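[1] Sequence and predicted model, in that order:
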Amino acid sequence: QVLLVESGGGLVQAGDSLRLSCAASGRSFTRFSRAWFRQPPGQERQFVAAILWSGDTYYADSVKGRFTISRADAKSTLSLQMNSLIPEDTAVYYCAAANFQWAPNLVLTKVEKYDYWGQGTQVTVSS
């Protein structure tokens, strides 16, 4: 059984930092591309950041320069370092995995392109 389990969410103040983690198990994700999405209250799930098998990264404009996506542990652990948080970052954050090693940036942002999802972790940023 494939599992993606997020952790690290919480309630913080604007300007604070948080680090999210996503532990993967059940299969090898060595050649998978990985990503973070988020779903603000009342909105659709939206792309945050992705990291390809090659290590190349891609970010949504809204988080560029503030968030950093990374991998560790033979690519099974995915992280998202979030700095300078703002109230607009409030959302449930999901990690995802896609069975392709490379894709154009536009594809990376599409929810339907990902094969596996975690259950989500809540991030709330107060003003």
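    Ah, there it is.
[2] quick one, helices of this protein?
    With DSSP state H, the ranges of helices along the chain come out as 105-108.
[3] Show me the shaky parts of it.
    73-75 (pLDDT under 70).
[4] Excluding sequence neighbours, find me the nearest residue to Leu11.
    Take Leu11 and drop its neighbours on the chain: the residue closest to it by C-beta to C-beta, 6 or more residues apart in numbering is Thr124, 4.6 Å away. In short, each C-beta sits where N, CA and C put it, glycine included.
[5] What about that neighbour, how many residues nearby?
    16 (other C-beta atoms under 10 Å).
[6] partner residues bridging the spatially most central residue of the chain?
    Residue closest to the average C-alpha location in the chain (C-alpha atoms, centre = their mean): Trp36, at 1.7 Å. Per DSSP bridges, the residues bridged to Trp36 are Ala49, Cys95.
[7] Based on its surroundings, how many neighbours for Ser54?
    9.
[8] quick one: it from Arg71, how far?
    11 Å (C-beta to C-beta, to the nearest Å).
[9] how about Phe67, what does it touch?
    Applying C-beta atoms under 8 Å, 6 or more residues apart in numbering, we find Phe67 in contact with 48-49, 59, 80-83.
[10] still on that earlier bit, is it correct that the residue nearest to Leu11 is in contact with Gly10?
    Yes. When contacts are counted by C-beta atoms under 8 Å, Thr124 is listed as touching Gly10 (7.4 Å).
[11] Which residues lie in contact with Gly10 in this structure?
    18, 122-124.
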